[in-house]
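Asks: predicted model, plus sequence, below.
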Amino acid sequence: MIPDLARINILEKIQEKISSINNINEYYFDYSGKVFINKQTIFTNLGINIRANENSLSSNNESSSTLWNCNFIVEIDIVCTNAIELSNLFKYEADILKCIGTNLSWDGLAINTEYQTSIYYNIDQLGNKIGDVTIRLLIFYRQNAWGL
């Protein structure tokens with residue numbers, strides 16, 4: 001049997017949902033081709049990076065040998081590479097939060113999603129004004145124990 005990859009399935013669903021945002025569907029911007037999971041290279045234009053951080057067991061009411069109740073922190077970085085993008089940072093954040101709020105179970109892959117915080121950074125990098133916001137979520141899900 002192939003190991004259970006519940007977390008990566010959730011991350012891929014988040015990527016899919018954010019990538020489908022466009023300004024035709026009552027959002028400010030279009031994010032197609034701008035959303036990545038664990039991107040390690042520098043963004044040259046507006047980009048969104050989704051990262052998993054700190055996975056842990058929640059309370060287990062069932063046998064821990066068959067099913068785990070888990071939660072993990074997901075951080076979504078919205079990276080702006082120039083002053084024009086930076087001026088729209090709050091709109092980018094609003095688009096992402098609206099998208100998250102429309103599907104807290106990520107099409108049934110998770111039990112629930114809770115917003116924790118948004119952290120803002122502004123950096124002047126070699127004369128180029130850049131900035132980003134990191135949206136932190138706590139996602140509750142179930143997976144087969146030990147990945148079985």
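Replies: Nice, thanks for sending it over. Residues are numbered from 1 along each chain as shown.

Asks: what's the neighbour count on I21?
Replies: I21: 23 surrounding residues under other CB atoms under 10 Å. Bear in mind the C-beta positions are built from the backbone N, C-alpha and C, glycine included.

Asks: if I pick it, what's in contact with it?
Replies: Counting by CB atoms under 8 Å, 6 or more residues apart in numbering, I21 touches Y27, F29, D30, Y31, D95, I96, C99.

Asks: for this protein, longest strand please?
Replies: strand 128-144 (DSSP state E).

Asks: hey, what's the closest residue in space to V74 that isn't next to it in sequence bridged with?
Replies: Of all residues not flanking V74 in the chain, L137 sits nearest, at 4.6 Å (CB to CB, 6 or more residues apart in numbering). Applying DSSP bridges to L137 yields these beta-bridge partners: V74, Y115.

Asks: ok, now which ones touch L137?
Replies: Applying CB under 8 Å, 6+ apart, the residues contacting L137 are I73, V74, E75, I76, I100, T113, E114, Y115, Q116.

Asks: pretty sure the first one contacts N53?
Replies: Yes: contact criterion CB atoms under 8 Å: I73 and N53 qualify, at 4.4 Å.

Asks: ok so, going back, buried only: go through the contacts of L137 for me.
Replies: By neighbour count, with 16 or more other CB atoms under 10 Å, those hold V74, E75, I76, I100, T113 as buried.

Asks: returning to that earlier point: return the subset of the contacts of I21 lying in helices.
Replies: D95, I96, C99 (DSSP state H).

Asks: format the contacts of L137 as a markdown table; extra columns: distance to S65 and pLDDT.
Replies: Output for those, formatted as a markdown table (distance: CB to CB, whole Å; pLDDT from 0 to 100):
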| residue | distance to S65 | pLDDT |
| --- | --- | --- |
| I73 | 26 | 96 |
| V74 | 27 | 98 |
| E75 | 31 | 97 |
| I76 | 34 | 98 |
| I100 | 33 | 98 |
| T113 | 27 | 98 |
| E114 | 28 | 98 |
| Y115 | 33 | 98 |
| Q116 | 31 | 98 |
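
Asks: fine by me, thanks again.
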